[in-house]
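>>> just need the structure, nothing else, for what follows:
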Amino acid sequence: MRILKTDKTRAELALLKSQVNPHFFFNTLNNLYGLVVEKSPQAPEVVLGLSDMMRYTIYEGKKEWVGLTDEINFLETYIELHKIRYRKKVAIQFDHEVDGSIQVAPLLFINLLENAFKHGVEPSIGNAYIYLRLKTQDGRILFHMENNCESDISPEKGGVGLHNLKKRLELIYPNKHELRIEKTKTTYAVHLNLNTH
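Below you'll find the predicted structure:
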């Protein structure tokens, strides 16, 4: 029974990961398409960035654990691609101070960042911002993100990404995680704490 339960958990995780990647790349390819149509000189840079991210999701994403610093690099590449895409001014700040030896399940934070762009930056008229903070403390990973939110659509109500994240957290970090979402009329904040012990 224990073996069957373990196999079932692995199968569920594999399915959830397979849903995360296409969801992410669908959005990123749409961004690239817009630049190609405009014949933007930045399109080749986006292709290279996207290639790096695809390599990461294909090879690192299938691993059980990756270095937390690798996840940070992945998020930074994603942010840089979005900075190229947007013409409007977007204030993005990503502070991180982590123990380089700590490992984490891959691709946990990307869905949250995607939601910040989709529901915060894209519909905003101006002064859009995203603030991320990632740090480690006593074997715990503490992730906080806040963005302004002018959209009436709440990321909590739907979307493949957030649903998959919650399910993955239940399977990988049972009783070792806390995901808290705080929504006001103008802001959206996410707090995710993981115990790696």
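
>>> what is the host helix or strand of N111 packed up against?
Assigning secondary structure by DSSP states H and E places N111 in helix 110-116. Packed against helix 110-116 by the contact rule (3 or more CB pairs under 8 Å, 6 or more residues apart in numbering; DSSP states H and E) you find helix 2-37, helix 68-85, strand 128-137, strand 140-148, helix 160-172, strand 187-195. Yep, even glycine has a C-beta here, placed from its N, CA and C like the rest.

>>> again, only this time at 7 Å
The elements that helix 110-116 packs onto, with contact taken as 3 or more CB pairs under 7 Å, 6 or more residues apart in numbering; DSSP states H and E, are helix 2-37, helix 68-85, strand 140-148, helix 160-172.

>>> how about stretch 125-138: buried residues?
The neighbour-count check on stretch 125-138 (16 or more other CB atoms under 10 Å) flags 128-132, 134, 136 as buried.

>>> so what's the gap between it and the chain middle?
Taking the mean of its C-alpha atoms, stretch 125-138 sits 12 Å from the chain's own mean (CA atoms, centre = their mean, to the nearest Å).

>>> list of residues touching it?
Counting contacts by CB atoms under 7 Å, 6 or more residues apart in numbering, the residues outside stretch 125-138 that touch it are 72, 88, 90-99, 102, 116, 120-121, 142-148, 150.

>>> could you identify the buried members of those?
By the neighbour-count criterion of 16+ other CB under 10 Å, these include these buried positions: 72, 90, 92, 96, 98, 102, 116, 120-121, 143-148, 150.

>>> identify the farthest-apart pair in those residues.
Spanning the widest gap among the buried ones among the contacts of stretch 125-138 are I102 and E150, at 35.3 Å by CB to CB.

>>> any idea which of the buried residues of stretch 125-138 is closest to Y59?
Proximity of the buried residues of stretch 125-138 to Y59, judged by CB to CB, is greatest for L134, which lies at 22.1 Å.

>>> tell me the bridge partners for that closest one.
For L134, the residues forming beta bridges with it (DSSP bridges) are H96, F143.

>>> now do Y129
A91.

>>> gap between it and I92?
Note on Y129: its distance to I92, by CB to CB, to the nearest Å, is 7 Å.

>>> for I125, same thing?
Taking CB to CB, one finds I125 at 17 Å from I92.

>>> pLDDT weak spots in the protein?
Counting by pLDDT under 70, the chain contains low-confidence residues at 1-24, 27, 85-88, 123, 150-160.

>>> so how far is H163 from the residue nearest the centre of the chain?
The C-alpha lying nearest the average C-alpha coordinate of the chain belongs to I110 (CA atoms, centre = their mean; 1.0 Å). Shown here: I110 relative to H163, a distance of 14 Å by CB to CB.

>>> again, but for L113
Distance, L113 to H163, using CB to CB: 16 Å.

>>> pick out whichever of these two has more residues nearby.
Using other CB atoms under 10 Å, the more surrounded residue of L113 and H163 is L113, with 23 against 14.

>>> list the contacts for that one?
75, 78 are the contacts of L113 under CB under 7 Å, 6+ apart.
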